Structure formats: C-alpha cells, structure tokens
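*Asks:* I'd like to go over a predicted model; first the sequence, then the structure.
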Amino acid sequence: DKRFRKVEVEYDNALLVELLLSGGGASSSLVKLRLLHQVLRRKWEIRIRDIPRTLNGVADHMTKCADTSSSLIRLFRSPPASVMNLLGRDHNIFI
C-alpha cells in the first residue's frame with residue numbers, strides 16, 4: 001500500500017467501467033469487482049477507462065500469457081518477443 005499511488009485500469013468492457021465508476025462494485029457477488037471497488041476507495045490517483053479489445057492486441061495477448069495462479073504484479077522492462085508483431089499492428093491502428 002505504500003509503493004503505488006497512481007494506478008491506471010483499462011478494461012475492454014464498457015459496462016464494467018461504468019459500474020465501477022458509479023460505485024456499483026461494493027455489493028457485487030463477483031469477487032474481482034468487489035476487490036476493484038476496494039482499490040478505488042484508496043487515496044490513490046486512479047484512472048479507469050474502456051479500451052475495446054480490437055484496439056489493444058498487445059494488452060490482450062499479455063493478459064492471456066499471464067500466470068493466473070499468482071496475484072503478484074509483473075513488470076516488464078522490455079516487451080516480450082511474442083508481442084513485437086502486435087506492437088506494430090496496434091501502432092498502425094492508432095496512426
């Protein structure tokens with residue numbers, strides 16, 4: 001709790017983003033939604049936004065490659081080799 005004070009949360013689900021921003025996650029039966037609501041209540045600078053999956057292939061790919069058995073944050077100093085082609089594709093979409 002003492003290290004991170006600025007967090008950006010991006011989802012490919014506009015309804016989920018709207019629910020989080022309206023405070024609807026507090027009483028949700030979904031554990032992940034309740035946990036996100038708890039994060040939002042902290043005195044951090046938090047930015048939440050909806051990004052369609054079709055426009056963010058790199059993040060989608062890295063999410064699929066993540067170790068779902070671990071709750072640790074994984075930081076990359078450089079992009080994994082498996083995403084280099086996707087970086088070019090995402091870059092070209094935004095130009």
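*Replies:* In hand now; what should we look at?
*Asks:* Need the per-residue pLDDT for residue 2.
*Replies:* We have a pLDDT of 61 for residue 2.
*Asks:* I should have written residue 92 there, sorry.
*Replies:* 60.
*Asks:* Also residue 29?
*Replies:* For residue 29, pLDDT reads 77.
*Asks:* next one: the one 10 residues further on
*Replies:* Looking at residue 39, its pLDDT is 79.
*Asks:* got a list of what it touches?
*Replies:* 7, 9, 46 (Cβ atoms under 8 Å, 6 or more residues apart in numbering). Glycine gets a C-beta too; all of them are placed from N, C-alpha and C.
*Asks:* Just the ones in strands from the residues you listed, please.
*Replies:* 7, 9, 46 (DSSP state E).
*Asks:* ok, so of those, who is nearest residue 32?
*Replies:* residue 9 (11.6 Å; Cβ to Cβ).
*Asks:* okay, now the closest residue to residue 48 other than its chain neighbours: neighbour count?
*Replies:* Nearest non-adjacent residue to residue 48, counting by Cβ to Cβ, 6 or more residues apart in numbering: residue 9, 4.7 Å away. For residue 9, the neighbour count with other Cβ atoms under 10 Å is 14.
*Asks:* what do you get for the one 3 residues further on?
*Replies:* The number of residues packed around residue 12, counting by other Cβ under 10 Å, is 16.
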